[in-house]
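**Student:** One predicted model, sequence on top.
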Amino acid sequence: MTAPTSPRRVTEHPTHLIDRVRAGDPHALGQLYDEFAPRLLRVARQLLGSREDAEDAVHDMFVGLPEALRRYEEHGTLRAWLTTRTVRLALMRLRSAKRRREDTLADTDHVAHYASADFGIGMADLERAIAALPDTLRAVFVLRQIEGLSHPEIATLLGISEGNSRVRHTRALEHLRARITR
Amino acid sequence: MTTPTALHAAHPSMATWHDYLSTPIALRDRALTDHVQRCVECESAVRYLSELQVLVDQLPINPAPSGLRERMLASRAAGVRVLVPEHIDAFDNESFDEASFDDEIFDHNTTSSSPAAHHAAPFLWRTRWRIPTTIAAGIAAWTVMSLVSGTPVIEAGMISGTLTLSTTLPKAGEAVTVRYNAGALLGRPAVLRLRARIRTVQGESYNVGVPVVEIATLQRTTGNEYTGRFTLPDSVVFAALAVEDTAAAAVDDLGGRAWEVMRAAPNGEPLLSALDQRSNDLMGRGWEEGLATTRRMIQLYPDSLAAWTWLRAFESWMSLETDSTRAAHRRASAMFDARHRALRDIAPAVIGRTFWYTRITDSTASAYWRERLLREAPTQSFAAQERMNQIFSKQFSVRLDTITALAALDALWPDVSADRAQQIASAALTLLPSLSADAADLLRWSDRLLAADSSPNTSIRLAVRLLKSPTWRNEGKRRLRAEIARLARARTQLRLLGESHAEQEVRLAGSQRLALAQLGRALADDGAHRAALDTLALASAAGWDINVFNTVRETSLRVSDSTTARIMSARIAVDPGTGTARRDSMHAFGAAQMGATAFAQLVRNAQRDLSTRVMVGAKRRVLPDITLRGIDGTGASLRSLLAPHVTVVVFWSIDCGPAVDALAEIQAAAKTLATRGIRTITIAEQAQPTPALRDLLRTKAFTLPVYLDAGGTAGKAFNNWGTPSMYLLDAKGNVMFSSTSDMASVVLRAEAMAFGAK
């Protein structure tokens, strides 16, 4: 088996690139986008269940990044820092505005249809099953199972207790099990 | 992680098995390993988790679309800014009982794995929301209510935190304990600052020059909870509060409302002076709240002349006067008149207030009190005002003798109290002709006004006035330079309560540019062309101010800098506030200077400049979709009413005089905006389409769409208070520019947004 993923190590960005983004340099911002946007889009899409909403969330994140980076203290990896901000924007969108389109996971032409011998489902089916989770459960599932955040990290990010995070994770797994193994 | 010894009797949860599988084999919990080897159910769960993880690991990461990259960079270039939250409220609309799950052991025999069973088990569920005992403003209460009722939480509620005070009505010397639950705006730094706009009994109307001070440091305790404590000085009777980070990069002032504290009397009710100062603080920023405060004053202090004076003023400003309100004031006036005539020892302030109140209700009584005021209390504030009126109406208007009038005002000056100084010094300056004024008079009255009002606008205006006097020309330039320097270092003392450092810098930079433009013009007039051009370049380097552009253009022409003059002409031509004739003359000038085609390119550049420079001030805020009700009773979602690019939303009320007065201007501006594809919709702050509303719309020939804010939902979503207030929404319904009542700035911003969108 493959153990659950831990955050993938990425090359730390030199301080001067971050400084250039902070100063509003669009080329530096574009560089950061090129490197991090694909992964951020994936997490946003898994949280929001819609490609367009995910793109809006990532758009907002990068548009606000030069100002937001003034609070970045370079203690952790930049990717983790960007992920948490993207997740917050996605959660705010999820809660306050609700998703505009709920159906785009059906339009998964970009998703390879892997076959799973054990579950007998494709990747698109898994994505649909994840998208069908209640918002609160899906958030924890995506952060823990896909992004590899620890429960204390999730608890901090979502403003819930660590125990609550574990309970939600368990329930998300049970939801998924009921859906993909039936 | 649960201790292994607790596991032998029950099945570990899925989350526990996930942790187990995430741990290297050598470090795995032996008790769990034993358990899975002899438990069929858990062995199945572990197999499921392993297979699931294989699938999850294969979830693809697709390339980011280049179109999104371009959109993002275009948004930045257009000046769009997004507040990336440092924290969000608990993502917890399906709350769990944490205590029930702390050990996260699931006994499969008693707890079904079915989600439905979880939802059906009421003992597992308990709301986590702790309703604060004291919430100092309606928005926070509404947020809590909406959580309870399941309404989506609005963005404003998430951005603003919740400030809970041990009391909002502290008695003298009483300490106030603060608990602040930080919203997304402020994140979770270790320390926050509580600032207050503080008012003593001498505080004046409006908030210009009212001191803002830090009154407490809030320390983070757990999560996003902060605590602190303050005691107001005894002299302070009212304070408006806001929380900010230590760098003042973000300020939570409850969407402009601010939290409030009023000094209480020994019986626990707010002091009359506290309510009085609250009314002063609300002047110009919250008509309805101001009116509510004056009604509270009447309720608590029915014998207070100040309360009745306030009530009459608000009723007048808000067009609420009726036969019954006039009759009530006549009765009150008669009561105060009789009571105060009977006093053997009467304070000057009481004479003044009685005169002021009776002047509307009873001319005989007013004449009596006016005579007593001028005779017994000639230095009282109302007496000084009355004496000034006397000079203007009797002396100056008949003889037009400025020398005598100024001499009379000079004689009055020693009797002028601080609260009248600005009014009387301003009046004196109107008597001085701009070019031939006596130099000593001009400097003396300028200094008097500056001592009463040192705001940047007044300071610049007075310096320009001195520039026009040959005697004080150098003094005027010196003062402009001094003001530019003062604005550059004025960060601490001039920062408003709800203003971040960045917002303050934008505001001060605007004043600086105005001063630079005036100084540049003066330098050009004096032949210092190089210095003039350098100064004007600074004035027009940022921001969008048509007055600055006009000044720079005029001066550039004078010093034969035609390049700058063309650029300024193009900017003036694209400014939506420029009239048709002026616009045509700019185009004619440009075409003559460089040819129509080349000038057209300059105009296109100016349009881009307008968009970029104005959009610097945009702050995007997501709105929940809301349902509005038309006058005909039909419902419509706000999103369905949006224009393709830009929509202006106007809040108004038939109970608000300034809002009703503004309807004609709003309608005229909306007509112009419509030609650019910008839609204007209005929201009247009432639940039902009353006959009064229909009558008003008919009388005003108001044809813009009018929707009703049933239940105040729209007002809460926009975080609106006070009318008239206008908001600019983008195509998706996000607020890009928040409340303003300045129609010119709405038109300018709408133009900038429309250009950026295209």
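**Tutor:** Looks like it came in fine. Every value quoted in this text rests on a predicted model; they were computed, and no experiment measured them.
**Student:** And chain A, split by domain according to the record?
**Tutor:** Per automatic domain parsing, the domain ranges recorded for chain A read A:13-99, A:112-182.
**Student:** Which helix in chain A has the most residues?
**Tutor:** helix A:26-48 (DSSP state H).
**Student:** returning to what we had before: can you say which of the domains of chain A is nearest to B:Gly756?
**Tutor:** Closest to B:Gly756 of these, according to C-beta to C-beta: domain A:13-99, at 12.5 Å. Any C-beta I mention is one placed from the backbone N, CA and C, and that applies to glycine too.
**Student:** any low-confidence regions in chain A?
**Tutor:** A:1-14, A:74-76, A:95-121, A:181-182 (pLDDT under 70).
**Student:** show me where it has strands.
**Tutor:** Counting by DSSP state E, chain A has no strands to list.
**Student:** Show me where it has its helices.
**Tutor:** Under the criterion DSSP H, chain A contains helices at A:15-22, A:26-48, A:51-63, A:65-68, A:78-92, A:123-131, A:135-141, A:151-158, A:162-180.
**Student:** How far off centre is the longest one?
**Tutor:** A distance of 10 Å separates the C-alpha centroid of helix A:26-48 from that of its chain, computed with C-alpha atoms, centre = their mean, to the nearest Å.
**Student:** list the buried ones in it?
**Tutor:** Buried residues in helix A:26-48, defined by neighbour count with 16 or more other C-beta atoms under 10 Å in any protein chain shown: A:26, A:28-30, A:32-33, A:35-48.
**Student:** Which secondary structure elements does it sit against?
**Tutor:** helix A:15-22, helix A:51-63, helix A:65-68, helix A:78-92, helix A:123-131, helix A:135-141, helix B:66-77 (3 or more C-beta pairs under 8 Å, 6 or more residues apart in numbering or on different chains; DSSP states H and E).
**Student:** can you state the direction angle for the longest helix of chain A and helix B:66-77?
**Tutor:** 120 degrees (axes from the mean of the first three to the mean of the last three C-alpha atoms, to 10 degrees).
**Student:** hmm, back to that, between the helices of chain A, which gets nearest to B:Thr325?
**Tutor:** helix A:78-92 (45.8 Å).
**Student:** ok now do the residue sitting nearest the centre point of chain A, which residues does it touch?
**Tutor:** Centroid check for chain A by C-alpha atoms, centre = their mean gives A:Val43 as the closest residue, at 2.1 Å. Counting by C-beta atoms under 8 Å, 6 or more residues apart in numbering or on different chains, A:Val43 touches A:Thr83, A:Thr86, A:Val87, A:Ala90, A:Val142, A:Leu143, A:Ile146, A:Glu147.
**Student:** In contact with the third one, which residues?
**Tutor:** Taking C-beta under 8 Å, 6+ apart, we find A:Val87 in contact with A:Val43, A:Ala44, A:Leu47, A:Ala139, A:Leu143, A:Leu157.
**Student:** measure it to B:Val735 for me?
**Tutor:** From A:Val87 across to B:Val735, the span is 23 Å (C-beta to C-beta, to the nearest Å).
**Student:** ditto for B:Pro470
**Tutor:** Taking C-beta to C-beta, one finds B:Pro470 at 51 Å from B:Val735.
**Student:** Could you do A:Pro66 as well?
**Tutor:** From A:Pro66 to B:Val735 the distance is 21 Å (C-beta to C-beta).
**Student:** mind putting the helices and strands packed on helix A:26-48 in a markdown table, distance to B:Arg341 included?
**Tutor:** As requested, the helices and strands packed on helix A:26-48 are exported to a markdown table (distance: least, C-beta to C-beta, whole Å):
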| stretch | distance to B:Arg341 |
| --- | --- |
| helix A:15-22 | 70 |
| helix A:51-63 | 67 |
| helix A:65-68 | 64 |
| helix A:78-92 | 64 |
| helix A:123-131 | 80 |
| helix A:135-141 | 71 |
| helix B:66-77 | 69 |
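**Student:** Beyond the strand or helix carrying B:Glu371, next helix or strand please.
**Tutor:** For B:Glu371, the host element (DSSP states H and E) is helix B:363-376. Next helix or strand after helix B:363-376 toward the C-terminus (DSSP H and E): helix B:381-390.
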